[in-house]
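>>> Return a 3D structure for these sequence lines:
(one chain, ligands or ions: 1)
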Amino acid sequence: MNPIAATCLFTAAALAVAGLGAAFGPPTGSTAKETPVRTLTTADGRTISAAGHDVTPLSREAVAELAKSLTPEQYRITQNAGTERPFCGTLLDNKKDGMYVCVVCGLPLFKSEHKFTSGTGWPSFFTGFDPAHVAEKTDTSHGMVRTEINCARCDAHLGHVFPDGPPPTNLRYCLNSESLEFVEKGQPVPKESQPVMTTETAYFAGGCFWGVEHGFQMIPGVFTVESGYQQGTVDNPTYKQVCTGNTGHAESVKVVFDPATVSYETLLRFFMALHDPTQLNRQGPDFGTQYRSGVYTVGDDQLTTAKKVLAELQASSAFAGRTIVTEVEPAKAFYAAEDYHQDYIEKTGRACHVNIHGAFKAAGLEEPTGKPAGH
Ligand SMILES: [Zn+2]
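Prediction:
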């Protein structure tokens, strides 16, 4: 017996004695996802995640073909919902930078920066690579109610997720090493683990973020819209801190979009008509620097486009000669706002200061009917 196997058996036995071996199993009820799953459907019917990966479910035949190259242990765990012995997995103590991909289909599932030492004997993460990559289902086997996690593309069994992890999600994704393959940073990324679409990120501040977020959520080609705080001087500010006006943050939204479906310039024109960029440090009923108008750019192209479009709008009759006071600056750190601010209009049905009809018209976009698209 080699020394590694000996250690492994010893630890498993010690765990059983200490009663810790149940860490994988206690009834916990079902776990809600920490963030909503957002995907885009392409014209040819493929499902693309916000991270740009093709997560269209594979057929049974395609999975069976891929599964032929698995080892017996990988097959038992991924195809028959098996569990490896604690403290035996090869990736448990892996501290290298990189990503963890599905051993069957190669879809990226977890990132090294989200890995933590849980003490359970299985690799643990507090969040996934993208909410659309890890599927959840209720597992009632062994007389317990647990939330099973599977690869969203090939349905490989990965492990379970429990609501006892560290902040910020308080979730513990408990994995089998055998379900994963590690791709170290700097190493070639296999084709099946690469994104098929490049997404772009844009930031806009136009007063209270509730309505701005809601407006962008309605645009086809927008994957995710998140409300947060930006361009301030304090890390991880709370809403209360931002409201004092002392942190320098603006209420802004982070928009992740598919630039092949909707351009940055279109989003910018939408934004400029969505709010009133001629009001200094206020929008509608809200006064204060956190309600200032701002376009926070990512990269030189966005900066050039923003300056060009704002100059053009100023020269036009769009705002009846009033001066546009929108600040245009490279984006600084974005801090997501508290959960209760996310999807606020969607959740409450309240109205906000924004001009959605005018924004769609100004951007030359057709206003969708029904549910917002960016959900
Ligand atoms: Zn997979």
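
>>> Can you say which helix or strand has V253 in it?
strand 250-257 (DSSP states H and E).

>>> whoops, I mixed them up, A359
Assigning secondary structure by DSSP H and E places A359 in helix 356-363.

>>> Tell me the buried residues in that helix?
When burial is assessed from 16 or more other CB atoms under 10 Å, helix 356-363 yields the following buried residues: I356, A359, F360, A362, A363. Where you see a C-beta, it was placed from the backbone N, CA and C, and this is true even at glycine.

>>> want to try CSV for these, with pLDDT as columns?
CSV is the format used below for those (pLDDT from 0 to 100):
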residue, pLDDT
I356, 91
A359, 94
F360, 94
A362, 93
A363, 94
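
>>> possible to save these as JSON lines with distance to the ion?
Below are these laid out as JSON lines (distance: CB to the ion, whole Å):
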{"residue": "I356", "distance to the ion": "39"}
{"residue": "A359", "distance to the ion": "39"}
{"residue": "F360", "distance to the ion": "38"}
{"residue": "A362", "distance to the ion": "43"}
{"residue": "A363", "distance to the ion": "38"}
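
>>> which one of these sits closest to F271?
Minimum distance to F271 across these is 7.3 Å, recorded for A359 (CB to CB).

>>> For the closest one, which residues are in contact?
The contact partners of A359, by CB atoms under 8 Å, 6 or more residues apart in numbering, come to G215, F270, F271, A273, L274.

>>> and the fourth one, backbone torsions?
When read as degrees, to the nearest 10, the backbone of A273 gives phi -90, psi -20.

>>> secondary structure element for T304?
helix 299-315.

>>> one step back: mind listing what's buried in the strand holding V253?
Within strand 250-257, the residues that count as buried by 16+ other CB under 10 Å are A250, E251, S252, V253, K254, V255, V256, F257.

>>> residues in contact with the third one?
This means S252. S252 sits next to Y203, F204, A205, F209, S227, G228, Y229, Q230, Q231, G294, Y296, F334 when contact means CB under 8 Å, 6+ apart.

>>> With E200 as the reference, measure out to it.
Distance, S252 to E200, by CB to CB, to the nearest Å: 16 Å.

>>> Next one: G215 relative to the ion, how far apart?
35 Å (CB to the ion, to the nearest Å).

>>> Can you get me a residue count around that residue?
Other residues within reach of G215, judged by other CB atoms under 10 Å, total 28.

>>> Let me see the ranges of the helices in the stretch 1-150 of the chain.
Remark: helices assigned in the stretch 1-150 of the chain by DSSP state H, counting those that start in this stretch are 3-18, 60-67, 72-79.

>>> mind listing what the residue most central in space within the chain touches?
In the chain, the residue lying closest to the centroid (CA atoms, centre = their mean) is D130, at 5.1 Å. For D130, the contacting residues are S49, A50, A51, H53, P108, by CB under 8 Å, 6+ apart.

>>> Tell me the one among the residues you listed nearest to the ion.
Proximity of the contacts of D130 to the ion (CB to the ion) peaks at P108, which lies at 9.8 Å.

>>> I'd like to know how many residues surround the closest one.
Applying other CB under 10 Å, I find that P108 has 23 neighbouring residues.

>>> Perfect, that will be all.
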